[in-house]
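Undergrad: Below: sequence and its predicted model.
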Amino acid sequence: MFETLSQGFSSALEKLTKQGVLREDEISTALREVRVALLEADVSLDTTKSFIKSVGEKARGQAVTKSVTPGQQVIKIVHDELIKVLEGPSEASNALKIDNPPATILMVGLQGSGKTTTSAKLALRLQSKEKKKVLMASLDTRRPAAMEQLEVLGKSNSIDTLPIVKNQSPEQITSRAMQQASLGGYDVIILDSAGRMQIDDDLMKEIDKIKDLSNPNEILLIADGLTGQEAVNVAGAFNDRLNISGVVLTRMDGDGRGGAALSMVSSIGRSIKFIGTGEKVDALEEFHPDRIARRILGMGDIVSLVEKASETLEAEKAERSMRRFQKGLFNMNDLKNQLEQMQKMGGLKSLMGMMPGMGKLTKNLDDKSLDDSVIKRQIALIQSMTKKERTSPNLLQASRKKRIALGAGVEVPELNKLIKMHRQMSDMMKKMGKMGGRGMLKGFMEQMSGKSGGTTSSLPDGQMLQKQFRSKLPTNLAGLNFKK
C-alpha cells in the first residue's frame with residue numbers, strides 16, 4: 001500500500017536529514033523530487049501543484065527549531081501537509097452516520113470495483129465490532145450471480161441477507177428491504193447497487209430512484225485503488241449526481257501506486273472512510289489520515305499494529321507466553337504460535353510496514369524474503385515434528401530432519417534455517433528475560449494484548465532491537481536477512 005509514494009518520498013527527503021543547514025537550492029531540489037514522486041504515484045497534477053506550493057511556502061518561511069535539524073523540520077512539514085490532504089475538508093468525517101435505526105447505507109460504484117465483497121466486509125465489521133444488527137440486500141438484477149454471491153457471503157459469515165425473489169426490479173427490492181429492516185428490528189441495512197462498466201444515464205436514473213426510496217444515511221462510493229487517475233474521474237461523476245458521503249478504496253494491498261487516495265480526497269472533498277486490504281471478509285481497515293501519512297513517510301504505524309494484535313491475540317495466551325519468555329523458555333511450539341500470530345495480523349510485509357524503523361529495512365529485501373508462503377512452510381515443518389521434538393529441538397539430528405522435511409514437502413536446508421531461527425530467537429528471549437530486558441518484554445506483551453491503556457512508548461522498534469541485541473537478532477526470521 002502506497003509503496004511507490006513511500007519510496008519516492010524517502011528518496012527525496014533522506015538527503016535533507018544529513019544537512020545541518022538547509023539552503024534554498026536544497027529545498028528546491030527536494031521539492032522537485034517530491035513532485036516527481038507524487039506524479040509517478042498517480043497523484044493528479046492539480047493536487048501535486050497545490051501540495052508542493054504549500055510545503056515550499058512553509059519550508060522557506062518557518063523558523064528552524066533548535067532541537068531538530070532543518071531537514072527533520074521539512075519532513076515534519078511534509079507529514080503535516082500529507083495529513084491535511086488526506087483528511088479533506090474540515091467538515092468531512094470518517095464516522096458513519098448510523099445512529100437512527102434502521103440506518104441505510106447505499107453502496108455505489110463501477111462493475112468490478114468490489115462492491116459486493118465490500119458490502120459483506122462492512123456488514124461484518126458493523127456486526128462484530130459495533131454490535132449492530134445488519135441486513136444486506138442485493139439490487140443487482142442484471143447480474144444474478146451478484147445476488148447469489150452476497151447471499152453466500154452472508155451465510156458464511158452469519159450476516160442476514162434479504163431473500164432473493166426473482167423478476168423484481170431494484171426499486172421493488174429496495175422497498176421490500178426497507179420494510180424487512182423496519183419489521184425485523186435491524187440497526188443497519190446495506191444496499192448493494194448494480195455496477196456498470198462505465199457511467200451511463202440509465203445507471204444514474206436507477207440509483208436516483210433507489211436513493212429517493214431509501215433516503216440513505218450514507219452513500220459510499222466503492223472505488224478500485226488500482227485504477228489510478230480514472231478513480232478520480234469516476235468519483236467526480238458519482239459525486240456530482242449523488243452527492244456521495246464518503247469513499248471506500250479497495251485492493252489497497254495490491255501493487256497500485258496509491259496516488260488516487262490523495263487525488264480523490266482533494267478533488268471531490270469527501271473523506272475516505274475505509275480501505276480494503278485483502279480478499280478475506282475481515283480485511284477492511286478504517287482510514288486514519290495521520291496513520292497513513294506515517295506509513296507513506298516510512299515512520300510506521302504502531303497504533304494500527306497494536307489494534308490488530310489486540311483483536312487477534314488472546315490475553316491469557318499472551319500472559320502465558322510472557323511468563324515462559326521471562327524464564328528464557330522458547331521451544332518450537334512457541335515459535336509456531338508466533339508464526340501463526342503473524343499470519344493473523346496480516347502477514348510479514350504488512351507488519352513490517354507498520355513497525356517504526358523497519359520501513360527502510362524492507363527496501364533492502366527482495367520479494368521472496370517477504371513472501372508469506374515462507375511462514376506457511378515453516379509452520380508445516382513444525383507440524384511435521386513429534387511432540388517431543390517440538391519441546392526439545394536439540395533432538396533434531398540428520399535422520400529426524402529428513403523425515404520432518406519429507407512430511408512438510410520441503411528440503412532439509414529449509415528445516416536447518418528454521419532451527420537456526422529458533423535458536424537465535426531463543427537466545428534473544430533469554431536476553432530479554434533477564435533484568436535488563438524484562439521491562440521491555442513485559443511492555444511489549446501488554447501492548448500486543450491490548451492491556452497497556454493506549455500508550456505505545458514501551459514498544460521496541462527495529463532500530464532499537466538491532467542496537468540492543470546486535471548479532472543476537474534472528475537473521476533469517478521468516479526468510480529475512482537483517483543487516484548487522
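TA: Here it is on my side, so go on. What you are looking at is a predicted structure, and each value in this text was computed from that prediction instead of being measured. Numbering: from 1, shown residues only.

Undergrad: show me where the stretch 151-300 of the chain has strands.
TA: For the stretch 151-300 of the chain, the strands defined by DSSP state E, counting those that start in this stretch occupy 160-161, 188-192, 218-224, 246-250, 272-276, 284-286.

Undergrad: Walk me through which strands the second one pairs with, and which way each runs.
TA: Same thing as strand 188-192. strand 103-108 (parallel), strand 134-138 (parallel) (DSSP bridges).

Undergrad: Quick check: mean pLDDT of the last one?
TA: I take that to be strand 134-138. Across strand 134-138, pLDDT averages out at 94.

Undergrad: ok, back up a step: okay, the strands paired with strand 188-192 in a markdown table with distance to Asp202 and mean neighbour count next?
TA: C-beta coordinates here come from the backbone N, C-alpha and C atoms, glycine included. Converted to a markdown table, the strands paired with strand 188-192 look like this (distance: least, C-beta to C-beta, whole Å; neighbours: other C-beta atoms under 10 Å):
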| stretch | distance to Asp202 | mean neighbour count |
| --- | --- | --- |
| strand 103-108 | 14 | 25 |
| strand 134-138 | 18 | 27 |
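
Undergrad: one step back: ok, which of the strands of the stretch 151-300 of the chain comes nearest Asp25?
TA: strand 272-276 (36.0 Å; C-beta to C-beta).

Undergrad: Give me the residues contacting that closest one.
TA: Residues outside strand 272-276 that contact it (C-beta atoms under 8 Å, 6 or more residues apart in numbering) are 1, 86, 94, 96, 114, 117-118, 121-122, 220, 225, 246-253, 261, 264-265, 283-287.

Undergrad: With distance to Ala30 added, can I get the strands paired with strand 188-192 in CSV?
TA: Output for these, formatted as CSV (distance: least, C-beta to C-beta, whole Å):
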stretch, distance to Ala30
strand 103-108, 40
strand 134-138, 48
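
Undergrad: Out of the strands of the stretch 151-300 of the chain, which is closest to Gln378?
TA: Closest among the strands of the stretch 151-300 of the chain, using C-beta to C-beta: strand 284-286, at 26.4 Å.

Undergrad: list the helices and strands that closest one packs on?
TA: Secondary-structure packing of strand 284-286 (3 or more C-beta pairs under 8 Å, 6 or more residues apart in numbering; DSSP states H and E): helix 115-129, strand 272-276.

Undergrad: which parts of the first one are buried?
TA: Of the residues in helix 115-129, 115-127 count as buried by neighbour count, 16 or more other C-beta atoms under 10 Å.

Undergrad: from those, which is closest to Ala37?
TA: Among those, Thr118 lies closest to Ala37 (C-beta to C-beta), at 28.9 Å.

Undergrad: you'd agree that closest one is up against Thr250?
TA: Yes. If you go by C-beta atoms under 8 Å, Thr118 and Thr250 touch, sitting 6.1 Å apart.

Undergrad: got any residues that touch both of these two?
TA: Ile222, Gly276.

Undergrad: I'd like to know which of the contacts of strand 272-276 are buried.
TA: Buried members of the contacts of strand 272-276, counted by 16+ other C-beta under 10 Å: 1, 86, 96, 114, 117-118, 121-122, 220, 225, 246-253, 261, 264-265, 283-287.

Undergrad: OK, contacts around Gly246?
TA: Counting by C-beta under 8 Å, 6+ apart, Gly246 touches Ala92, Asn94, Leu96, Glu218, Ile219, Leu220, Leu221, Arg270, Ser271, Ile272, Lys273.
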